[in-house]
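1. fold the following for me, if possible:
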Amino acid sequence: MLKLLLHPFSVITITIIVIMILMSLHFNTLEIKNSTQSITQLDQQVNLTAKEVETLKHKLEQVQQPEAKEKIIRDELLLQKPGEYTIQLPPIETTDKTTTIPSSTPTSPRQEWFAILFN
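-> Numbering: from 1, shown residues only. Next comes the predicted model:
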């Protein structure tokens, strides 16, 4: 039996089998690392989605309140209660009023304050 194990062909065969097993173990560890990374990414996505769902549920609860429904009916649909009158005002045009500073610019902060306060 010892003679069979020490034969060059059996040594080469055993060496090849051991190398294949080691390579298989190495590739399995790489796959495990990649799968753990993908699992953590998926967990993060699940957490984000859960937060979005919670915020949407909160918004839905707010919208289903009678006050919110009334606001939507009044503001967006422009409806009113019976006996109410609605007045719609035209948009107010605003003009930008800019103050003009004299063309001569003072050189010190004291002169600037003097020019603002007393001119």
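2. where in the chain is the helix or strand with the lowest mean pLDDT?
-> Ranked by mean pLDDT, DSSP states H and E, the helix or strand of the chain with the weakest confidence is helix 2-5, at a mean of 77.
3. residues in contact with that helix?
-> 10-11 (C-beta atoms under 8 Å, 6 or more residues apart in numbering). Quick note: C-beta positions are derived from backbone N, CA and C, even for glycine.
4. can I get that helix in PDB, CA atoms only?
-> Extracted in PDB, the C-alpha atoms of helix 2-5 (Å, rounded to 0.1, in the frame of the first residue of the first chain):
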ATOM      1  CA  LEU A   2       2.800   2.400   0.800                       C
ATOM      2  CA  LYS A   3       4.400   1.600  -2.500                       C
ATOM      3  CA  LEU A   4       1.100   2.600  -4.200                       C
ATOM      4  CA  LEU A   5       1.000   5.900  -2.400                       C
END
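5. show me how far it is from its chain's centre.
-> 67 Å (C-alpha atoms, centre = their mean, to the nearest Å).
6. pLDDT (mean, whole number) over the next helix or strand after it?
-> Sequence-wise, the next helix or strand downstream of helix 2-5 (DSSP states H and E) is helix 8-63. Averaged across helix 8-63, the pLDDT comes to 95.
7. what's the first helix or strand after helix 8-63?
-> Under the assignment DSSP H and E, the closest C-terminal helix or strand after helix 8-63 is helix 66-71.
8. centre-most residue in the chain?
-> By C-alpha atoms, centre = their mean, the chain has its centre lying nearest to residue 48, at 8.6 Å.
9. distance of it from residue 41?
-> Look at residue 48 and residue 41: by C-beta to C-beta, to the nearest Å, they are 11 Å apart.
10. repeat that for residue 16.
-> 38 Å.
11. residue 73 too?
-> Taken as C-beta to C-beta, the span from residue 73 to residue 41 is 44 Å.
12. between the two, who's got more neighbours?
-> residue 73 (13 against 10; other C-beta atoms under 10 Å).
13. ok, residue 31 - contacts?
-> By C-beta under 8 Å, 6+ apart, residue 31 has no neighbours at all.
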